[in-house]
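Participant: Got a predicted structure here, sequence first:
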Amino acid sequence: MSSQNFADLGVSKVVVDVLHARGMAAPFAIQSLVVPDVLAGHDVLAKSPTGSGKTLAFGVPMVERLNATDRRPSALILAPTRELALQIVDDITDVAHARALSVAAVYGGAGIQRQIQQARRAHILVATPGRLEDLLQRRAVSLEHIRILVLDEADRMLDMGFRPAVDRIVALTPNKRQTLFFSATLEGTAGKIAAEYTRADARTHSYVPPVDSSRAETVHRFVKVAHEAKVDALVHELKDAERGLTIVFVRTKRGADRLVKRLKDNYVTAVAMHGDKTQSQREKALARFERGEVDTLVATDVAARGIDVRDVTHVINYDMPEDRDGYVHRVGRTGRAGAAGIGVTFVLGDQAHDMSKIASDLGLHAEFSLSGLPTSTRGGGGAGGQRSRGPQQRPGRRERAAAAGPGSGSRGSGSGSGRSVASARPRSRGR
């Protein structure tokens with residue numbers, strides 16, 4: 001945290017008091033960078049990883065700039081998934097209420113009539129693109145009074161194919177709006193779209209969490225496994241007496257359901273979470289997981305986006321992440337609030353080269369080398385490698401890259417292919 005407080009950034013006393021009540025005396029880095037610019041009315045482009053405190057980076061100054069007498073809705077936050085939309089509402093509702101502002105979420109898989117009623121009354125509307133377009137086509141809600149537009153996890157929305165829907169939605173908002181664009185990357189397509197949506201004088205901020213080994217909290221392990229031994233290796237990890245809540249990441253929706261069944265055959269109870277589940281099923285699964293009734297959640301990347309569950313001790317990449325950002329997104333679900341966390345990644349022999357590159361980019365070259373798998377020729381650390389997530393306000397999220405000796409958490413895979421060794425993500429406004 002910085003030496004500043006929220007009042008120093010220009011935040012009002014009523015909002016500061018709410019933040020203090022939540023135990024937030026000082027802003028995190030991304031908040032210190034972004035809040036003053038948003039309060040000043042600038043468009044903002046922010047590159048910041050999930051878990052760095054970005055929700056309040058746009059949420060706090062947003063509520064400061066809105067008034068209870070504004071036409072509704074006066075602010076729109078677009079999010080890629082239902083889970084993230086609900087998380088945003090949870091994070092900003094109390095600060096919004098401090099300024100007599102209402103917040104509502106609209107997303108697929110839930111009753112649309114009730115959402116229409118809530119959306120019409122809300123000053124701040126948090127929405128997934130698909131459901132918002134449903135409401136717009138029904139003429140149930142209007143965006144003509146939007147003063148502030150936020151695109152959260154914009155890169156993920158693009159990855160999910162929402163570009164056409166987002167373009168149509170943005171075109172329905174006023175040209176004079178203030179736009180805040182938050183993304184894990186501002187390069188490539190995301191950067192081009194950011195330039196289209198924001199003013200030429202938009203402020204750009206990039207936050208990469210610093211590596212601080214003295215405060216690091218997540219141990220990373222890479223486990224060499226054979227394909228036919230992956231389930232046995234996972235069961236072995238899940239039977240570790242030291243683990244608590246565990247998220248197991250898989251690549252596909254079908255793979256998630258199949259893995260839950262195979263775990264049941266091995267006397268391990270788990271619940272699946274993916275896009276083919278109804279909203280009710282997903283909420284029930286998440287609630288059971290949060291309460292500890294089931295301590296293993298098998299999830300796809302998209303379904304887990306925006307999930308913020310405390311006390312996750314382990315993240316297991318049953319299927320290797322696609323890229324560096326995917327790794328950071330996944331493993332960042334553990335090692336929070338000063339608690340230890342463990343990130344375990346299963347690596348097949350033919351995946352060693354790609355996983356080695358990811359590990360090297362994240363500064364985990366040494367940890368990967370302990371797996372016994374061949375490493376890439378790239379040096380450890382990677383220029384500008386981001387191997388940790390920034391702190392998160394509720395109450396904090398930090399990630400570590402640290403080698404651990406035997407007995408550091410999860411144990412060997414038991415697979416015939418190798419044993420687990422402890423060791424271990426120019427602007428113009430075209431409207």
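Facilitator: Nice, I can see it.

Participant: So in the chain, where's the weakest helix or strand by average pLDDT?
Facilitator: Scoring the helices and strands of the chain by mean pLDDT, DSSP states H and E places helix 301-304 at the bottom, with a mean of 71.

Participant: next SSE after that helix?
Facilitator: Where DSSP states H and E defines the elements, the next helix or strand beyond helix 301-304 is strand 312-317.

Participant: Dump that next one to PDB, restricted to CA.
Facilitator: Presented in PDB, the C-alpha positions along strand 312-317 are these (Å, rounded to 0.1, in the frame of the first residue of the first chain):
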ATOM      1  CA  VAL A 312      -8.400 -20.900  -1.400                       C
ATOM      2  CA  THR A 313      -5.200 -22.700  -0.400                       C
ATOM      3  CA  HIS A 314      -4.500 -24.500  -3.700                       C
ATOM      4  CA  VAL A 315      -4.900 -23.900  -7.400                       C
ATOM      5  CA  ILE A 316      -4.200 -26.900  -9.600                       C
ATOM      6  CA  ASN A 317      -3.800 -26.500 -13.300                       C
END
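
Participant: by contact count, what packs against it?
Facilitator: helix 230-238, strand 245-249, helix 324-331, strand 341-347 (3 or more Cβ pairs under 8 Å, 6 or more residues apart in numbering; DSSP states H and E). Every residue, glycine included, has its C-beta placed from N, CA and C.

Participant: quick one: that strand to helix 324-331, angle?
Facilitator: Interaxial angle, strand 312-317 versus helix 324-331 (axes from the mean of the first three to the mean of the last three Cα atoms, to 10 degrees): 140 degrees.

Participant: same question for strand 312-317, mean pLDDT?
Facilitator: For strand 312-317, mean pLDDT is 94.

Participant: Partner strands of it, with direction?
Facilitator: Sheet pairing here is set by DSSP bridges, and for strand 312-317 it gives strand 245-249 (parallel), strand 341-347 (parallel).

Participant: And that strand, how far out from the chain middle?
Facilitator: How far strand 312-317 lies from its chain's middle: 15 Å, per Cα atoms, centre = their mean, to the nearest Å.

Participant: Quick one: closest of the helices and strands packed on strand 312-317 to residue 58.
Facilitator: Evaluated over those, closeness to residue 58 peaks at helix 324-331, with 19.1 Å, by Cβ to Cβ.

Participant: Can you spell out which helices and strands pack onto the closest one?
Facilitator: For helix 324-331, the packing partners by 3+ Cβ pairs under 8 Å, 6+ apart are helix 301-304, strand 312-317, strand 341-347, helix 352-361.

Participant: would a markdown table of the ones you listed with mean neighbour count and distance to residue 190 be doable?
Facilitator: Below are the helices and strands packed on helix 324-331 laid out as a markdown table (neighbours: other Cβ atoms under 10 Å; distance: least, Cβ to Cβ, whole Å):
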| stretch | mean neighbour count | distance to residue 190 |
| --- | --- | --- |
| helix 301-304 | 21 | 17 |
| strand 312-317 | 24 | 24 |
| strand 341-347 | 27 | 25 |
| helix 352-361 | 22 | 18 |
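
Participant: I'd like the ones you listed as a markdown table, with distance to residue 178 appended.
Facilitator: Formatted as a markdown table, these follow (distance: least, Cβ to Cβ, whole Å):
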| stretch | distance to residue 178 |
| --- | --- |
| helix 301-304 | 29 |
| strand 312-317 | 35 |
| strand 341-347 | 37 |
| helix 352-361 | 34 |
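
Participant: For residue 152, give its distance to residue 181.
Facilitator: The spacing between residue 152 and residue 181, counted by Cβ to Cβ, to the nearest Å, is 9 Å.

Participant: Break this structure into its domains for me.
Facilitator: 6-206, 218-369 (automatic domain parsing).

Participant: What's the mean pLDDT across the longest one?
Facilitator: Right, the one you point to is domain 6-206. Here the average pLDDT along domain 6-206 is 93.

Participant: Quick check: end-to-end length of it?
Facilitator: 20 Å (Cα to Cα, to the nearest Å).

Participant: Any idea how far it is from the middle of the chain?
Facilitator: So, by Cα atoms, centre = their mean, the centroid of domain 6-206 is 15 Å from its chain's centroid.

Participant: next one: stretch 230-250
Facilitator: So, by Cα atoms, centre = their mean, the centroid of stretch 230-250 is 22 Å from its chain's centroid.

Participant: for residue 165, helix, strand, or coil?
Facilitator: Classification of residue 165 by DSSP: H, G, I helix; E, B strand; the rest coil places it in helix.

Participant: Over to residue 59?
Facilitator: Using three-state DSSP, the secondary structure recorded for residue 59 is helix.

Participant: who's in contact with the residue lying closest to it once chain neighbours are set aside?
Facilitator: Of all residues not flanking residue 59 in the chain, residue 92 sits nearest, at 3.8 Å (Cβ to Cβ, 6 or more residues apart in numbering). When contacts are counted by Cβ atoms under 8 Å, 6 or more residues apart in numbering, residue 92 touches 55-56, 59-60, 62-63, 103, 124.

Participant: And the helix or strand containing residue 83, what's buried?
Facilitator: Assigned by DSSP H and E, residue 83 falls within helix 82-98. Using 16 or more other Cβ atoms under 10 Å as the test for burial, helix 82-98 gives 82-89, 91-93, 95-96, 98.

Participant: State whether residue 149 and residue 178 are indeed in contact, as I suppose.
Facilitator: Yes: when contacts are counted by Cβ atoms under 8 Å, residue 149 is listed as touching residue 178 (7.2 Å).

Participant: still on that earlier bit, which members of the contacts of residue 92 occur in helices, if any?
Facilitator: Of the positions in these, 55-56, 59-60, 62-63 sit in helices, assigned by DSSP state H.
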